[in-house]
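Undergrad: okay, predicted coordinates and the sequence, questions at the end:
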Amino acid sequence: MSDDPILSARGLSLSFGAVRALDGVSLDLWPGEVLAIVGESGSGKSTLLRVMAGEARPDAGAVTYRDTLGASMEVHGMGEPALRRLARTEWGFVRQDAREGLRMGVSAGGNVGERLMATGARHYGSIREEAARWLERVEISPSRIDDRPGTFSGGMRQRLQIARTLVTRPRLVFMDEPTGGLDVSVQARLLDLIRGLVSDLGIAVALVTHDIAAARLLAHRLVVMREGRIVEEGLTDRVLDDPRHPYTQLLVSSVLAA
Amino acid sequence: MTGWILRAEGLTKGFTLHLQGGTRIPVLRDAALTVEPGECVALSGPSGAGKSTLMRLLQGNYGADAGSILLRRPDGGVSDLATAPPREVNALRRDTIGHVSQFLRVIPRVPALEVVAAPLIARGMAREEALDRARALLRRLNLPDRLHGLPPATFSGGEQQRVNLARGFIAPFPLMLLDEPTASLDAANREVVIALIGEAKARGAGLVGIFHDLDVRDRVAHRVVEVAPLREAA
Ligand SMILES: Nc1ncnc2c1ncn2[C@@H]1O[C@H](COP(=O)(O)OP(=O)(O)OP(=O)(O)O)[C@@H](O)[C@H]1O
Ligand SMILES: Nc1ncnc2c1ncn2[C@@H]1O[C@H](COP(=O)(O)OP(=O)(O)OP(=O)(O)O)[C@@H](O)[C@H]1O
Ligand SMILES: [Mg+2]
Ligand SMILES: [Mg+2]
């Protein structure tokens, strides 16, 4: 693991009218590290992810990305074209609603191949082969390669979205509730898939989740948010087993009781 | 003396239960523990005295309120677990601190063999070699081959505990923490664990254990450190 963070957020604030969605949030993410972001509904988790990924501009604060060559760049200062290039190549975003992360009018193979082509792949045959390999890797039968995602179950769509995102081997992936809205058994399988791929590929992940068990399984570090602020952070198992902030204690106790 | 592997001093730990009106539970005050290479130290004391709390502090699972936990790493450097940032704690767990918890935390869908091999793979060993070693150790702990490829979720308590033990003993950690390592084992497997502890001592590891089985404790521990309950204070 490198000693420089791949992504650093400093003093991020963003209000929507009277709502302070982010209120002075700072955090670092290191290469190969999985950071889980948990907290109650409306605490600012999705907003934080969107601001870090350059999809929303903060009222105050800055996000710095360190690229493959070690060069630092301001996410909100690099301009649209550079940001779009990053989003297509070195970054990925897995959305809770697969329909937002997939192109529903394009076949499964096309969804995966499209990301490959965006990074410069040109040879149709090898793109299709690689797409088939990735479908298999996320446990979708390659015989479904020409089917559109609309004909897939929720869990399959989510796995397709993961294949589409990871096929270009991004260094940094944002995930917003990747298992939300799925059956518990489907969730377990998806989590296991994410766990394996993330550690095999050494990807840095900022993972927003409601699922404390998922955070424990996947994350090296944990951040607890409330009302736009980070109230507690640290080693995942320490935050969960020895929580200090009243809100974290509530969060952990409600999981055990459930 | 500079030989120690673990040197904890001034350790203080309590809990504040915010959901119970801020009740304070002081558990450890100014606790100290030094472990030399090749030495096995047993923690003893009445139920609730804080033995498991101390073990969890030594593993980084609980955070200390005060004090230091110095660990000598395999590269010869020293880290203070009590103040180390999360990434350093994770590195210490990979290279320095081996841990056998009382109960296995099962990971869905991951087979026993992979669970056991994981610490070796994390240290960079080739997958095949790591799996071979894991297989050999599971066999030594009498876990039937037909279970090696299955996730431990459905295993019996004793089977899970043997997976847990194999995972803890698979890599040559300088420090080994053992919380009731023989609790759910039969006599034959207890002997295997006693032998594994002996081998760890022989290679110069330091061990800290909680052994409710006094026969086991007397056979493996060089000394017993008493964890005394604090009087209700503050
Ligand atoms: N585009 C927007 N316009 C107005 N308000 C917004 C906008 N985006 C977010 N908010 C508000 O900001 C706050 C934080 O929203 P956010 O989506 O970040 O929460 P969250 O932690 O992701 O919650 P959940 O767990 O329910 O997804 C909420 O009060 C939300 O209503
Ligand atoms: N995470 C925690 N939150 C709150 N209190 C805790 C926590 N962990 C331990 N304690 C409290 O600390 C005290 C010491 O517990 P600990 O488990 O360390 O005792 P022990 O000596 O291991 O006992 P036993 O022999 O019964 O296992 C107990 O009062 C316990 O309730
Ligand atoms: Mg959200
Ligand atoms: Mg105990």
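TA: Yep, that arrived. Ligands and ions are numbered 1, 2, ... in the order given.
Undergrad: surely B:Asn189 is within a strand?
TA: No. B:Asn189: not assigned to a strand; according to DSSP: H, G, I helix; E, B strand; the rest coil it is helix.
Undergrad: could you measure from it over to B:Leu178?
TA: 14 Å (Cβ to Cβ, to the nearest Å). Placement of C-beta: from N, CA and C, glycine included.
Undergrad: cool, A:Gly196 as well?
TA: Distance from A:Gly196 to B:Leu178, by Cβ to Cβ: 29 Å.
Undergrad: could you grab the helix/strand/coil label for the nearest residue to A:Met52 once chain neighbours are set aside?
TA: Distance criterion Cβ to Cβ, 6 or more residues apart in numbering or on different chains; nearest residue to A:Met52, sequence neighbours excluded, is A:Val63 at 5.4 Å. What three-state DSSP gives for A:Val63 is strand.
Undergrad: what pairs with A:Val63 across the strands?
TA: Under the criterion DSSP bridges, A:Val63 forms beta bridges with A:Ala9.
Undergrad: neighbour count: B:Asn189 and B:Leu178, which is higher?
TA: Neighbour tally, B:Asn189 and B:Leu178, criterion other Cβ atoms under 10 Å in any protein chain shown: the higher count belongs to B:Leu178, 28 against 20.
Undergrad: got phi/psi on the closest residue to A:Ser107 other than its chain neighbours?
TA: Nearest residue to A:Ser107 in three dimensions, chain neighbours excluded: A:Asp146, at 4.9 Å (Cβ to Cβ, 6+ apart). Main-chain dihedrals, A:Asp146, degrees, to the nearest 10: phi -100, psi 0.
Undergrad: would you agree A:Asp146 is in contact with A:Gly109?
TA: Yes. A:Asp146 is within contact range of A:Gly109, at 6.4 Å (criterion: Cβ atoms under 8 Å).
Undergrad: between these two, tell me which one has more neighbours.
TA: Set A:Asp146 next to A:Gly109 and count neighbours by other Cβ under 10 Å: A:Gly109 wins out with 23 against 11.
Undergrad: what ranges do the strands span in the stretch 101-250 of chain A?
TA: Along the stretch 101-250 of chain A, the stretches classed as strands by DSSP state E, counting those that start in this stretch are A:172-176, A:204-208, A:221-226, A:229-235.
Undergrad: hang on, B:Gly50 packs against B:Ile25?
TA: No. Here B:Gly50 does not reach B:Ile25: they are 9.9 Å apart, not a contact under Cβ under 8 Å.
Undergrad: out of those two, which sits in the more crowded spot?
TA: Neighbours per residue (other Cβ under 10 Å) separate B:Gly50 from B:Ile25, with B:Gly50 holding more: 25 against 15.
Undergrad: burial of the nearest residue to B:Arg29 once chain neighbours are set aside, as a residue count?
TA: In space, and not counting its chain neighbours, B:Arg29 is closest to B:Thr12: 5.2 Å by Cβ to Cβ, 6+ apart. Neighbour count of B:Thr12, defined by other Cβ under 10 Å: 16.
Undergrad: who does the helix or strand harbouring B:Thr12 pair up with?
TA: Assessed by DSSP states H and E, B:Thr12 sits inside strand B:6-17. Here strand B:6-17 has these sheet partners by DSSP bridges: strand B:23-35 (antiparallel), strand B:66-72 (antiparallel).
Undergrad: now A:Gln158: how far from B:Ile69?
TA: Here the criterion is Cβ to Cβ. By it, A:Gln158 lies 42 Å from B:Ile69.
Undergrad: so between these two, which is more surrounded?
TA: Just comparing A:Gln158 and B:Ile69: by other Cβ under 10 Å the higher neighbour count belongs to A:Gln158, 29 against 23.
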